[in-house]
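# structure, please.
(chains A, B, C and D)
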Number of protein chains: 2
Amino acid sequence: MPPIKVKNAETVLVTKRPDKTATVPATKVRPLTRIQREKQDIILEAALEVFSLHGFRGATIDQIADVAGMSKPNLLYYFPRKEEIHRRLISELLVTWLEPLREMDADGDPFPEIRSYIRRKLEMARDFPRESRLFANEMLQGAPRISEMIEVDLKNLVDEKAKVLLGWMDEGKLARTDPYHLIFSIWATTQHYADFDVQVRAVLGPGRGGEGRFEDAARYLEQLFLHGLTPRKVAV
Amino acid sequence: MPPIKVKNAETVLVTKRPDKTATVPATKVRPLTRIQREKQDIILEAALEVFSLHGFRGATIDQIADVAGMSKPNLLYYFPRKEEIHRRLISELLVTWLEPLREMDADGDPFPEIRSYIRRKLEMARDFPRESRLFANEMLQGAPRISEMIEVDLKNLVDEKAKVLLGWMDEGKLARTDPYHLIFSIWATTQHYADFDVQVRAVLGPGRGGEGRFEDAARYLEQLFLHGLTPRKVAV
DNA sequence: AAGAATTTTGACCAGTTGGAAAAATGTTAG
DNA sequence: CTAACATTTTTCCAACTGGTCAAAATTCTT
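Numbering: from 1, shown residues only, chains lettered A, B, ... in the order given. Here you go, the predicted model:
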């Protein structure tokens, strides 16, 4: 048997060798070097920028390499396939993305909980719009690369939180309504400010389209989810 | 002066000659032939399918031609550039897309009007999901090809309808709140069912993810926009 | 300081992409 | 029926795409 040729690039990528049988024993996985950690971060950051703007198919490795400030082959040394970068990005994203929902506490009271959930989602739309768009892009395309994640992890989490909401409804602390669509409406209204940012800015115009729009949105959404649009005090 | 060579392909496309000065006098625009009308429709339908799934950059002329059941050069005979197809699609879309908002009547009462606006938007999400996704794709990418449309046509319409909402608020018929964000929230919640369809289905699961989801959504949204989530009757 | 390992580069490749040109085929008004 | 026009097919191309590979340059370890 010839000596096994081990190029480091192959040990770096834990997820390498998509179909061929692994020639490198699993134990051989070296810890990442400093440069590897740094460069991977730079690449992921650049990829986020490009993928979130053009979607998977529309993004090119050249563009990503360009934004990352390195040559294409150099980039491919760290992530041997385009899909690898995307996969990493999405799976890291999904964890942090669902964090706010995870924090919704069954032992708390519904309105503080829901209110702070909305706030946090809105903050994420403001601070991480590219992540939101990356996710939206994937959804628009039918989530071909993450169907399993949403069918299992996401579904389980939502099922769990729907039960929490139902519990509150049973206690009479929350209007009886569909908990799933309730969650959808929070997602939709908050992520809208990241995904449709251009539209929001354009419609609000230069005057009201500044950073204040997130505060306005927070105030409005609080009112909507708490009381709806029925007038409470009658005008004098 | 040599005789002006007029290939029909050039008269068909009214929007041809992007930069060069027009060599064909405007009067020379022939009416479309039967075949031209038919084939253009087929192409636009196919393009909608492909663009809405992959975005502008991710879609290829080959794919569109394939779905349309014709060869690429044949397709290019009708729309000499990829962008041309996209432009047509988007501008036709925007008109019908905003129709429901246009119908919101200042002389009506707010709740029937808003209620039926939500219903109509939800029906569009159900019946024309590809159109919704095409639009969403364009927004995600920063609306590079339609910035003018949203900054002028869309903005004007929303400004007008925001005034209508403000009028209702002044009359005490509607809770005083931000009319722009109110409109955004209707867009977001309804279009969500088209744009994030995969997610919605996955989360609802096979049982509740069927066509009934739109009725459930309508009921939920009605409740949300009318009364919010505050419980009205206290549980016995 | 030297040898080993890692990182970067440049040249290259096969497949795809948007599109052009011209020849071949269809359609239709007179 | 036929000339003029409309449509379709065939062939082709240059630029771009994801990705490979060996060699050169750099960094790390001792």
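# what does chain A put close to DNA strand D?
Residues of chain A lying close to DNA strand D by C-beta under 7 Å from any atom of the strand are A:33-35, A:59-62, A:72-73, A:76, A:80-83. C-beta: built from backbone N, CA, C; applies to glycine.
# could you dump the residues you listed to JSON lines with distance to B:P179 and secondary structure?
JSON lines is the format used below for the residues of chain A next to DNA strand D (distance: C-beta to C-beta, whole Å; DSSP: H, G, I helix; E, B strand; the rest coil):
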{"residue": "A:T33", "distance to B:P179": "56", "secondary structure": "coil"}
{"residue": "A:R34", "distance to B:P179": "53", "secondary structure": "helix"}
{"residue": "A:I35", "distance to B:P179": "53", "secondary structure": "helix"}
{"residue": "A:A59", "distance to B:P179": "37", "secondary structure": "coil"}
{"residue": "A:T60", "distance to B:P179": "42", "secondary structure": "coil"}
{"residue": "A:I61", "distance to B:P179": "45", "secondary structure": "helix"}
{"residue": "A:D62", "distance to B:P179": "45", "secondary structure": "helix"}
{"residue": "A:K72", "distance to B:P179": "49", "secondary structure": "helix"}
{"residue": "A:P73", "distance to B:P179": "54", "secondary structure": "helix"}
{"residue": "A:L76", "distance to B:P179": "51", "secondary structure": "helix"}
{"residue": "A:P80", "distance to B:P179": "52", "secondary structure": "coil"}
{"residue": "A:R81", "distance to B:P179": "48", "secondary structure": "coil"}
{"residue": "A:K82", "distance to B:P179": "44", "secondary structure": "helix"}
{"residue": "A:E83", "distance to B:P179": "44", "secondary structure": "helix"}
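# and DNA strand C, which of these contact it?
A:33-35, A:73.
# out of these, which are buried?
With burial judged by 16 or more other C-beta atoms under 10 Å in any protein chain shown, the buried subset of those is empty.
# so where's chain A shaky on pLDDT?
Within chain A, the segments meeting pLDDT under 70 span A:1-31, A:233-236.
# tell me where it has helices.
Under the criterion DSSP state H, helices of chain A are mapped to A:8-12, A:34-58, A:61-68, A:72-78, A:82-102, A:110-127, A:129-140, A:147-149, A:155-170, A:179-195, A:197-208, A:212-227.
# for these, which one sits closest to B:Y220?
Ranking the helices of chain A by proximity to B:Y220 (C-beta to C-beta) places helix A:179-195 first, at 3.8 Å.
# got a list of contacts for stretch A:50-67?
Here stretch A:50-67 makes contact (C-beta atoms under 8 Å, 6 or more residues apart in numbering or on different chains) with A:43, A:46-47, A:49, A:71-72, A:74-76, A:82-83, A:85-86, A:89, A:130-131, A:133-134, A:137-138, A:140-141, A:145, B:54-58, B:137, B:140-142.
# tell me which of the helices of chain A sits nearest to B:Y193.
Using C-beta to C-beta, the helices of chain A put helix A:179-195 closest to B:Y193, at 7.9 Å.
# gap between A:P231 and B:F111?
10 Å (C-beta to C-beta, to the nearest Å).
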